[in-house]
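S.K.: what would the 3D arrangement of this be:
(one chain, ligands or ions: 1)
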Amino acid sequence: MAKLLDKQRYKCALGAMQSVQAIERTLPVLHSGPGCAQKLSESIGSSGYFSPNIFPCTSINEKDVVFGGTKKLHSTIDNALKVIDADLYIVLTGCIPEIVGDDSGEIVSEFADADKPVIYAQTAGFKGNNYKGHEQVVDAIIEQYLKKSDLKEEGLVNIWADVPYQDLFWLGNIRELENLIREIGLTPNTIFGYKRGIKNIDRIPKAQFNLLVSPWVGLSNMKKMERKLGIPYLHYPTLPIGATETSKFLREVGKFAGVDEEKIEKVIKEHEDYYYYLIERYADLFLENRVINKQFSVVADAQYTLGITKFLVNDLGLVPATQFITDDTPKNQREKVAEEFKKLNFGLEAEVAFETDSHKIHEEIKSHDYHGYPLVLGGYYEKEVTEGLSGNFLNISWPVQDKVVFDDFYVGYTGGIRLIEDIYTVAVQRFN
Ligand code: SF4
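M.R.: Model (predicted):
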């Protein structure tokens, strides 16, 4: 029987155009219906040199469904190369060309001798959501653009983390991960955001290892790079937020990379001293508000639900109610992700629900006894239900309508402090 899905938290795989856009001077060329791009173009902070409103698109119609849209794809790529100055062109296919059987790979191969590289990723919406689409884009870069390198740069680390734009804090988070890696003496390499782009893509094969900071998104990419490019990888499933997780993260990365332990401990000590100095100054605020925020729920993708749950338990001593993962985590990854919610301090374990239907999530939140005012960190959809329970709400995941973020971040020691500031800014307003 057909199922109704109330307010899902992701877009179709073609939403991966956002991942392409996040790679500077890389242009998505859409082979899809005209409405596909429009539907996906409303995200805040996505204007600039290229923006969704100017992405070239074949805008295929009924005639192309009957006769095929490959001619149109050829001319669209051809014209994009002539009139748009980019470093890399990535063709993204939508549902219609894939259903009617257009051989987009064949058309793209006709541009093998073009001045600029042209590759393609199959991102039809029926294949999955934009988390999978993001993986498809990285896959396309690995399979069609990158070549194995015998030259290795000692200490060079490729970092992979958030899905750009889907995560509000993607830019700040990845920059802060870079900073942390740099502080322990390694050289970070990332492809998303300001002044990265194709020159950093070209450095990928020279890395000592890949570092994946994500519960599941990107894991298949890491395996592919290990096979094709001979790059080993470290999978760190938790986005490190706050002192407990960030120190653990640095120790694990340092050990994998063979960094001197003393050096790591020195970096950790410096950060922790300042972190706990700040916490100490506001200890009275935490004690007062503990009464009103005994239990919490996070409603977000696996990345944020896990990272924030660990932070709120391990660093702030709060008690988890059910945590909701909304990214349609692949079934074969769920057990592993759920295991992570059992690795909390103080012998605590969090119950986790993989749920994409907001109606069911809201019913569970309403029926749970939070032993006081609930603290809910989630998408904008959770605002009304939390306010109905007189709880405290913070909009940390998509959809976001409560916050504008340029390059703010929640990663690391500083990110943990930012998250505390945001949570308690909401909490103290109760007393106004
Ligand atoms: S699901 Fe298919 S038809 Fe709909 S927007 Fe995505 S690619 Fe286009």
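
S.K.: what about the closest residue to Val337 other than its chain neighbours, how many residues nearby?
M.R.: Of all residues not flanking Val337 in the chain, Pro215 sits nearest, at 4.8 Å (CB to CB, 6 or more residues apart in numbering). The way it works is simple: take the backbone N, C-alpha and C, and place the C-beta from them, glycine included. For Pro215, the neighbour count with other CB atoms under 10 Å is 28.

S.K.: can we start the residue count at 117 from this point?
M.R.: Fine by me, first position is 117 from now on; the one you just mentioned is Pro331.

S.K.: which single residue of the protein ends up nearest the ligand?
M.R.: Gly241 (2.1 Å; CB to the nearest ligand atom).

S.K.: correct me if wrong: that residue contacts Ala132.
M.R.: No: using CB atoms under 8 Å, Gly241 is not in contact with Ala132; the gap is 10.6 Å.

S.K.: OK, contacts around the residue nearest to Val453?
M.R.: Going by CB atoms under 8 Å, 6 or more residues apart in numbering, Pro331 touches Pro353, Thr354, Ala418, Gln419, Leu422, Thr445, Gln449, Lys452, Val453, Glu456.

S.K.: please tell me how far Phe365 sits from Lys263.
M.R.: Distance of Phe365 to Lys263, given as CB to CB, to the nearest Å: 31 Å.

S.K.: swap that for Gln238, please
M.R.: From Gln238 to Lys263 the distance is 22 Å (CB to CB).

S.K.: before we move on, what about Asp431?
M.R.: Relative to Lys263, Asp431 is positioned 43 Å away (CB to CB).

S.K.: neighbour count winner among the two?
M.R.: The neighbour comparison of Asp431 against Lys263 (other CB under 10 Å) goes to Asp431, with 20 against 8.

S.K.: skipping its backbone neighbours, what lies nearest that one in space?
M.R.: The nearest residue in space to Asp431 (CB to CB, 6+ apart) is Gly358, at 4.0 Å.

S.K.: show me what contacts the one you found?
M.R.: Contact analysis of Gly358 by CB under 8 Å, 6+ apart lists Tyr391, Phe427, Asn430, Asp431, Tyr529, Gly531, Gly532, Leu535.

S.K.: show me the two of those residues that sit farthest apart.
M.R.: Across the contacts of Gly358, the longest distance by CB to CB is 14.3 Å; it joins Asn430 and Gly531.

S.K.: which of these two has more neighbours?
M.R.: Gly531 (25 against 20).

S.K.: how about stretch 161-181 and the ligand, any contact?
M.R.: No: figure legend: stretch 161-181 not in contact with the ligand (CB under 6 Å from any ligand atom); closest approach 10.3 Å.

S.K.: stretch 329-339: end-to-end distance?
M.R.: 14 Å (CA to CA, to the nearest Å).

S.K.: give me the number of residues near Val521?
M.R.: Neighbours of Val521 (other CB under 10 Å): 17.

S.K.: domains of the chain?
M.R.: Recorded structural domains for the chain (assignment: automatic domain parsing) are 129-260, 272-376, 386-545.

S.K.: what about the last one, near the ligand?
M.R.: Pointing back at domain 386-545 there. No: counting by CB under 6 Å from any ligand atom, the ligand is not contacted by domain 386-545; separation bottoms out at 13.9 Å.

S.K.: report the mean per-residue pLDDT for that domain.
M.R.: Across domain 386-545, pLDDT averages out at 94.

S.K.: which residues does the lengthiest helix in the chain contact?
M.R.: Secondary structure of the chain per DSSP state H: the longest helix is helix 377-397. Residues outside helix 377-397 that contact it (CB under 8 Å, 6+ apart): 299-301, 358-359, 362-363, 366-367, 370-371, 402, 528-529, 532-533, 536.

S.K.: no further queries at this time; thank you.
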